[in-house]
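Engineer: build the 3D model from these lines:
(2 chains)
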There are 2 protein chains.
Amino acid sequence: MSDSPRPLRADARRNRVRVLEVAKAVLARDGTAASMREIARQAEVGLATVYRQFPTKEALFEAIVTEQTREIAGQAQSLADDENPGEAFFAFFTYAVTSSTGQKMLVDALADAGVDINAGELGQANRAMLDGAEILLVRAQQAGAVRKDMGMRELGALVSAACLAAERQHWDEDLRTRVLGIFFDGLSPRT
Amino acid sequence: MSDSPRPLRADARRNRVRVLEVAKAVLARDGTAASMREIARQAEVGLATVYRQFPTKEALFEAIVTEQTREIAGQAQSLADDENPGEAFFAFFTYAVTSSTGQKMLVDALADAGVDINAGELGQANRAMLDGAEILLVRAQQAGAVRKDMGMRELGALVSAACLAAERQHWDEDLRTRVLGIFFDGLSPRT
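Structural biologist: The predicted model follows:
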């Protein structure tokens, strides 16, 4: 009996990871109206298992957005010591846009449900992401790879603009690459 | 009796213009949930007058978007012979973003209501706008003011990106100018 809870916890963790993965795919395909039942079916777990992990759809959305934001923050951190600060910054920008596309509808749903996205674990993840992004921006500017007359406000505006349009217009990878190419040329210092 | 309908028609036309103007302001402030009653109140006309011009909210939204699209098309046309094709293109881009911001929610509401925005008068206005934009783009490219490796797809993506983010994040004029400045540097030919 002493070690019986362990496998259960590992099971629960596996289920959680699995449900999150499947939920991301189902939501990307069907939008925020996708049902918990459909997510459970595709994850091949019982509906009760989904509700045990995520008592409400908002809890599920929040978990997805938090995980995604943490991944972007982690990416920023891993690029912070890169020997080419310019490349690191543009790689991070591309990663942030690529992985955030499709998340805006979840963030909107959270806002509609009155969830404060600057509070709790999501708020913490957001701050970590912004801190990481700022370090990459400043390093790239110091290295002369990014124009000095832009700050976090412009960066946030550009990343959001790309994410929103990519999500709405279903940009393919080619169009995203081309649009980001125009952004990046615009971010380079004028010679 | 022969000339009695004329003043009536002029009245109806004035009411229509007035309701459209007021509706734009009310919708920008309150979103698409704004009531016809509130629009009538602020336009200082009877509710029946609003419904006579616009039998449904979708009809009102469609009229606003059509008018706006026509204005953008007209702006493109008036810039088509400009002696500085580069300046003309960037002026048009700025005008399109500035005047389209706030329209996306109406376009979405129309799409949700099953309105085909490529049909009828709106479709016609859309095509006129795109034709006008393409002329400005090609002229600017021929004059060496805009990079040659971009087309209407990239232009549409950039304008939409700016509009969507400006609408969502409530950009002020300063931020819009700065972001468009980055876009425009990115659109200039690489030297």
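Engineer: for chain B, what's the nearest residue on chain A?
Structural biologist: residue A:186 (2.8 Å; CB to the nearest CB). To be clear about C-beta, it is placed using only N, CA and C from the backbone, and glycine gets the same treatment.
Engineer: sec struct for that residue, please.
Structural biologist: Under DSSP: H, G, I helix; E, B strand; the rest coil, residue A:186 falls in the helix class.
Engineer: now it. Nearest residue, chain neighbours left out?
Structural biologist: Computed as CB to CB, 6 or more residues apart in numbering or on different chains, the closest residue to residue A:186 that is not its neighbour in sequence is residue B:186, at 2.8 Å.
Engineer: now residue A:100
Structural biologist: Of all residues not flanking residue A:100 in the chain, residue A:163 sits nearest, at 4.8 Å (CB to CB, 6+ apart).
Engineer: the residue of chain A closest to chain B contacts residue B:180, correct?
Structural biologist: No - look at residue A:186 against residue B:180 with CB atoms under 8 Å: they stay out of range, at 9.6 Å.
Engineer: which residues of chain A lie near chain B?
Structural biologist: A:147, A:150, A:153-154, A:156-158, A:160-162, A:164-165, A:168-169, A:171, A:175, A:178-179, A:181-188, A:190-191 (CB under 8 Å from any CB of the partner chain).
Engineer: any of those buried? List them.
Structural biologist: A:147, A:150, A:154, A:157-158, A:160-162, A:164-165, A:168, A:171, A:175, A:178-179, A:181-188 (16 or more other CB atoms under 10 Å in any protein chain shown).
Engineer: residue A:66 against residue A:125, yeah?
Structural biologist: Yes - counting by CB under 8 Å, residue A:66 does reach residue A:125; the two are 5.3 Å apart.
Engineer: who's more crowded, the two?
Structural biologist: Higher neighbour count among residue A:66 and residue A:125: residue A:125, with 21 against 18, using other CB atoms under 10 Å in any protein chain shown.
Engineer: just confirm the more buried one contacts residue A:69, I think it does.
Structural biologist: Yes - here residue A:125 reaches residue A:69: they are 4.0 Å apart, a contact under CB under 8 Å.
Engineer: residue A:136: neighbour count?
Structural biologist: 26.
Engineer: need the three-state assignment for it.
Structural biologist: Secondary structure, three-state DSSP: residue A:136 is helix.
Engineer: name the nearest residue to it, ignoring sequence neighbours.
Structural biologist: Closest residue to residue A:136 apart from its sequence neighbours, by CB to CB, 6+ apart: residue A:89 at 4.7 Å.
Engineer: in what helix or strand does the one you found lie?
Structural biologist: Assessed by DSSP states H and E, residue A:89 sits inside helix A:85-100.
Engineer: run through who's touching that helix.
Structural biologist: Residues from elsewhere that reach helix A:85-100 (CB atoms under 8 Å, 6 or more residues apart in numbering or on different chains): A:68, A:71-72, A:75-76, A:79-80, A:82, A:132-133, A:136-137, A:139-140, A:142-146, A:155, A:158-159, A:162-163, A:166, A:176, A:180, A:183-184.
Engineer: contacting residues around the helix or strand just after that helix?
Structural biologist: Following helix A:85-100 in sequence order, the next helix or strand is helix A:104-112 (DSSP H and E). The contact list for helix A:104-112, computed with CB under 8 Å, 6+ apart, reads A:27, A:31-32, A:57-58, A:61-62, A:64-65, A:117, A:163-164, A:167.
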